[in-house]
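Asker: Sharing a model that was predicted from the sequence below.
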Amino acid sequence: MTAYATTSAAGEPTARELRTVVFASSLGTVFEWYDFYLYGALAVIMTKQFFSGVNPTAGFIFTLLAFAAGFAVRPFGALVFGRIGDLVGRKYTFLITITIMGLSTFVVGLLPSYASAGIIAPILLIGLRLLQGLALGGEYGGAATYVAEHAPQGRRGYWTAWIQTTATIGLLLSLIVILLVKYFVGDDAFTAWGWRIPYLVSIILLGFSLYIRLKLNESPVFQRMKSEGKGSTSPLTDAFANWGNAKIVILALLGLTAGQAVVWYGGQFYALLFMTKTLKVDPSTANILMAIALALATPFFLVFGALSDKIGRKKIIMAGLLIAVLAYFPLFKALAHFTNPALEAAQASSPVTVVADPANCSFQFNMAGTSKFLTSCDIATAALANAGVNYNHEDLPEAGAIAQIKIGTTVIDSYEGTGLSADDAKAKTEAFTKALTEALTAAGYPAKADPAGVNWIMTLVILFILVLLVTMVYGPIAAILVELFPTRIRYTSMSLPYHIGNGWFGGFLPAISFAMVAAKGDIYYGLWYPIVVAAITFIIGMIFIRETKDHKIDVW
């Protein structure tokens with residue numbers, strides 16, 4: 001097979017060669033993010049298919065945690081594949097990662113459901129999610145490093161920004177495929193079996209991505225380093241046992257990627273979940289709105305990447321963090337106002353109160369997914385959070401008594417889920433859900449957002465602003481991370497803070513924020529998580545992160 005050249009006669013890549021490098025690196029990364037986002041976009045359906053053995057609210061939490069499980073292992077993938085990338089090379093490492101990712105995604109489309117296979121179904125699903133997360137942990141660092149090591153001095157922000165577009169394009173592509181499949185098979189068929197199609201067709205994308213990447217040569221910077229015998233023989237030790245480098249890794253996490261991650265997942269994935277799960281906007285409508293906003297905002301990754309070559313990476317990233325901290329509450333409240341005004345009106349006119357023993361109320365987040373939250377208080381608060389209903393807390397005068405929900409003059413008793421048989425749990429859940437739904441409907445709470453009441457223009461403006469903030473914090477991030485570390489341990493060093501930030505701080509955002517909403521009774525309370533993390537990152541970044549745009553990266 002003939003490989004594409006990666007340097008001109010003068011030793012620098014030509015514009016055509018750079019475009020080839022960027023296309024091959026970006027194409028594979030788009031595909032990997034497409035795979036990863038499918039699960040998030042199909043979270044409601046995946047709950048029904050793989051977690052139907054528990055109540056719907058607990059099932060949704062488990063679905064989010066299974067989504068987060070893939071993020072949880074990303075730092076471990078960064079260590080494994082980062083080490084291989086610094087020892088063997090960038091090209092061959094991301095050939096391995098894309099193969100693992102692609103095959104894991106394809107197999108998801110073949111899995112049996114909980115109804116047909118029982119507990120083995122979610123176990124298999126989570127296993128595949130873990131494989132996807134490991135592979136993705138090695139993919140990003142390889143692609144970003146590979147492109148940066150080809151890019152000319154003074155243009156790294158622009159060229160690496162193409163890699164930054166891939167996550168958003170991957171999300172956009174997954175939404176488009178979902179909408180097309182829904183259109184051709186119908187909503188009912190899509191829920192029953194059509195959801196498998198987007199996973200299965202990914203095998204075609206895998207084959208094409210592998211074909212393109214096999215045509216590339218190794219990074220010229222890495223080749224020169226290896227030819228001089230200056231490569232690292234123990235990248236993990238050199239990266240993390242050396243305090244000088246380890247300190248930069250820690251600062252890169254706390255002063256850059258943690259805040260970048262929560263703004264990214266807050267503005268894209270959580271915003272989509274907030275519309276569909278909390279505001280009850282029709283999923284197809286929400287997906288279309290988000291897809292349009294993503295299409296309009298995606299070019300700004302390149303704008304801010306190129307701008308960072310002129311004015312610096314740090315200024316743009318810190319500005320995006322600060323704006324997000326100040327704007328998230330008004331933006332998400334405006335999102336509710338313009339997509340479901342009936343819900344907003346009901347919350348103002350018919351307040352809801354949960355009367356419960358505080359000792360029986362849990363914070364419903366468990367990273368391992370081992371807790372089922374079966375107290376009467378947990379069942380009541382989770383049901384209200386799932387319905388997108390704000391509520392107040394009132395302590396029960398009698399410790400241990402069954403929690404109640406008050407909606408105007410109507411009082412609904414919750415129930416204790418511990419120790420119930422499957423049939424009894426199902427019967428109590430159905431009776432409780434029916435009573436709660438009827439009471440909320442009578443009080444004016446809509447079961448779903450009225451499509452005629454959705455203000456498309458204003459919703460698009462809000463979503464565009466949210467994604468624009470994503471482009472500010474994410475567009476220059478690859479360039480600044482690459483420039484912080486020397487070539488011999490660059491893949492390893494930059495991958496770990498990136499994937500702890502995006503895998504843990506960002507990946508757990510939906511589950512943590514949803515649990516915060518259920519605990520507090522305020523549909524906006526979950527926003528405090530990304531706001532606080534972004535604020536901390538802004539402070540640390542402003543004090544400790546240095547500007548890197550003029551750094552040379554061919555330093556071993």
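Answerer: Noted; the coordinates are in hand.
Asker: for Val467, what are its contacts?
Answerer: Thr168, Gly267, Gln268, Ala293, Leu294, Leu296, Ala297, Thr298 (C-beta atoms under 8 Å, 6 or more residues apart in numbering). C-beta: built from backbone N, CA, C; applies to glycine.
Asker: out of these, which is most surrounded?
Answerer: Of all the contacts of Val467, the most densely surrounded is Gly267 (28 neighbours; neighbours counted as other C-beta atoms under 10 Å).
Asker: how near is the nearest residue to that residue once chain neighbours are set aside to Ala258?
Answerer: Of all residues beyond its chain neighbours, the one nearest Gly267 is Leu466 (3.8 Å), with distances taken as C-beta to C-beta, 6 or more residues apart in numbering. Distance of Leu466 to Ala258, given as C-beta to C-beta, to the nearest Å: 18 Å.
Asker: A helix includes Glu218, no?
Answerer: No - judged by DSSP: H, G, I helix; E, B strand; the rest coil, Glu218 forms no part of a helix; its state is coil.
Asker: coming back round to it: between the contacts of Val467, which is closest to Lys91?
Answerer: Thr168 (24.6 Å; C-beta to C-beta).
Asker: Phi first, then psi, for the closest one.
Answerer: Main-chain dihedrals, Thr168, degrees, to the nearest 10: phi -70, psi -40.
Asker: With Leu42 instead?
Answerer: Dihedral angles (degrees, to the nearest 10) for Leu42: phi -100, psi 20.
Asker: Tally up the residues packed near it, please.
Answerer: So Leu42, with other C-beta under 10 Å, has 22 neighbours.
Asker: try the one 3 residues further on
Answerer: By the measure other C-beta under 10 Å, the count of residues near Ile45 is 18.
Asker: if we can go back for a sec, kindly reformat the contacts of Val467 as CSV containing secondary structure and distance to Leu343.
Answerer: Shown next, in CSV, are the contacts of Val467 (DSSP: H, G, I helix; E, B strand; the rest coil; distance: C-beta to C-beta, whole Å):
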residue, secondary structure, distance to Leu343
Thr168, helix, 28
Gly267, helix, 22
Gln268, helix, 22
Ala293, helix, 21
Leu294, helix, 25
Leu296, helix, 26
Ala297, helix, 26
Thr298, coil, 30
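Asker: Using CSV, please lay out these together with pLDDT and distance to Asn360.
Answerer: Shown next, in CSV, are those (pLDDT from 0 to 100; distance: C-beta to C-beta, whole Å):
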residue, pLDDT, distance to Asn360
Thr168, 77, 42
Gly267, 94, 35
Gln268, 87, 35
Ala293, 93, 41
Leu294, 88, 42
Leu296, 94, 47
Ala297, 94, 44
Thr298, 91, 46
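Asker: in what helix or strand does the residue lying closest to Phe50 once chain neighbours are set aside lie?
Answerer: Excluding the flanking residues, the one nearest Phe50 by C-beta to C-beta, 6+ apart is Pro122, at 4.7 Å. Applying DSSP states H and E as the criterion places Pro122 in helix 120-148.
Asker: got it, and Ile512?
Answerer: Assigned by DSSP H and E, Ile512 falls in helix 509-520.
Asker: Whichever helix or strand comes after that helix vs helix 509-520, what angle?
Answerer: For helix 509-520, the following helix or strand on the C-terminal side (DSSP H and E) is helix 528-544. Orientation note: helix 528-544 sits at an angle of 120 degrees relative to helix 509-520 (axes from the mean of the first three to the mean of the last three C-alpha atoms, to 10 degrees).
Asker: For helix 528-544, give me every contacting residue.
Answerer: For helix 528-544, using C-beta under 8 Å, 6+ apart, the contacting residues are 251, 254-256, 258-263, 265-266, 270, 314, 317-318, 321-322, 324-325, 328-329, 505, 509, 512-513, 516.
Asker: hmm, back to that, which elements pack onto the helix holding Ile512?
Answerer: Helices and strands touching helix 509-520, by 3 or more C-beta pairs under 8 Å, 6 or more residues apart in numbering; DSSP states H and E, are helix 56-72, helix 258-265, helix 376-386, helix 528-544.
Asker: Please name the strands paired to the helix or strand following the third one in the sheet, noting orientation.
Answerer: Per DSSP H and E, the first helix or strand lying C-terminal to helix 376-386 is strand 392-395. Based on DSSP bridges, the strands next to strand 392-395 in the sheet, each with its direction, are strand 352-356 (parallel).
Asker: ok, now which ones touch the residue nearest to Gly267?
Answerer: Contacts of Leu466 by C-beta under 8 Å, 6+ apart are Gly266, Gly267, Gln268, Ala271, Ala293, Leu331.
Asker: Repeat the analysis, applying 7 Å as the threshold.
Answerer: Neighbour list for Leu466: Gly267, Ala271, Leu331 [criterion: C-beta atoms under 7 Å, 6 or more residues apart in numbering].
Asker: now the residues you listed as TSV including distance to Ile288?
Answerer: Below are those laid out as TSV (distance: C-beta to C-beta, whole Å):
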residue	distance to Ile288
Gly267	17
Ala271	14
Leu331	19
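Asker: and which of those residues is nearest Tyr211?
Answerer: Distances from Tyr211 to those, taken by C-beta to C-beta, are shortest for Gly267, at 33.6 Å.
Asker: pretty sure that closest one is touching Leu468, no?
Answerer: No - the pair Gly267 and Leu468 does not pass the contact test of C-beta atoms under 7 Å, sitting 8.3 Å apart.
Asker: tell me which residues form a beta bridge with the nearest residue to Ala403 once chain neighbours are set aside?
Answerer: Using C-beta to C-beta, 6+ apart and skipping the chain neighbours, the partner closest in space to Ala403 is Ala356 (3.6 Å). Going by DSSP bridges, Ala356 is paired in beta bridges with Asp395.
Asker: mind checking how far Ala356 is from Thr165?
Answerer: Ala356 is 47 Å from Thr165, by C-beta to C-beta.
Asker: and if you look at Ala345?
Answerer: Applying C-beta to C-beta, the value for Ala345 to Thr165 is 39 Å.
Asker: Next: Glu398.
Answerer: 58 Å.
Asker: Report the contact partners of the closest residue to Ala144 other than its chain neighbours.
Answerer: Among residues not flanking Ala144 along the chain, Ala478 sits closest, at 4.0 Å (C-beta to C-beta, 6+ apart). Contacts of Ala478 were listed using C-beta under 7 Å, 6+ apart, and they are Ala144, Ala148, Thr160, Ile163, Gln164.
Asker: and the helix or strand hosting Val30, what does it pack onto?
Answerer: According to DSSP H and E, Val30 maps onto helix 15-41. With contacts taken as 3 or more C-beta pairs under 7 Å, 6 or more residues apart in numbering; DSSP states H and E, helix 15-41 sits against helix 56-72, helix 90-108, helix 120-148, helix 156-185, helix 202-213.
Asker: want to throw the ones you listed into TSV with distance to Phe538?
Answerer: As requested, the helices and strands packed on helix 15-41 are arranged in TSV below (distance: least, C-beta to C-beta, whole Å):
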stretch	distance to Phe538
helix 56-72	22
helix 90-108	32
helix 120-148	23
helix 156-185	20
helix 202-213	36
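Asker: between the ones you listed, which one is nearest to Gly229?
Answerer: helix 90-108 (18.2 Å).
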